[in-house]
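Q: Generate a structure from the sequence data that follows.
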Amino acid sequence: MFPEITLLTAIVWLVALQFMLYATGWLLNSVMLREERVAVLCWGGFMACIGTGFLLTALRGEPRTGWPSTAAASPSSPA
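A: The predicted structure follows:
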């Protein structure tokens, strides 16, 4: 059910966790910085989006068989 965890996947999980912690920090700081709440929430949302992207990348699994990874590695593709 779960993809095999390789070293690269473990690193991506850690980076996703780091960005989610950044997002949590920005969202908690929005309580203290009332005057700049809109900007702080924007940064928190941005960090949450980046963390979600890394999380989805970690869930993708190996080997990658999608078109971008196989077509880019194909020796017959025109230069």
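
Q: Quick check on Lys34: phi, psi?
A: Not quite, residue 34 is Arg, not Lys. Here is the backbone geometry of Arg34 (degrees, to the nearest 10): phi -60, psi -40.

Q: Count residues in the vicinity of it, would you?
A: Neighbour count of Arg34, defined by other Cβ atoms under 10 Å: 8. Just so you know, the C-beta spots here come from the backbone N, C-alpha and C atoms, and that holds for glycine as well.

Q: Retrieve the pLDDT associated with it.
A: According to the prediction, Arg34 has pLDDT 86.

Q: now Pro75
A: 61.

Q: all helices for this structure, in order.
A: Here the chain has its helices, by DSSP state H, at 7-32, 37-60, 67-73.

Q: want to try a markdown table for those helices, with mean neighbour count as columns?
A: Converted to a markdown table, these look like this (neighbours: other Cβ atoms under 10 Å):
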| stretch | mean neighbour count |
| --- | --- |
| helix 7-32 | 15 |
| helix 37-60 | 15 |
| helix 67-73 | 9 |
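
Q: Report the contact partners of Leu17.
A: Gly51 (Cβ atoms under 8 Å, 6 or more residues apart in numbering).

Q: Poorly predicted segments of this protein, please.
A: Residue ranges of the chain with pLDDT under 70: 1-5, 61-79.

Q: let's go with 80 and repeat that
A: By pLDDT under 80, the low-scoring segments of the chain are 1-8, 60-79.

Q: you'd agree Trp26 is up against Ala39?
A: No. With contact defined as Cβ atoms under 8 Å, Trp26 does not reach Ala39; the gap is 9.7 Å.

Q: Can you check which residues contact both of the two?
A: Counting by Cβ under 8 Å, 6+ apart, nothing touches both Trp26 and Ala39.

Q: Ser30 - nearest residue in space that isn't next to it in sequence?
A: Once flanking residues are discounted, Ser30 sits nearest to Val40: 4.3 Å by Cβ to Cβ, 6 or more residues apart in numbering.

Q: Hmm, the one you found is touching Leu28, no?
A: No. In this structure Val40 lies outside contact range of Leu28 using Cβ under 8 Å: 9.4 Å.
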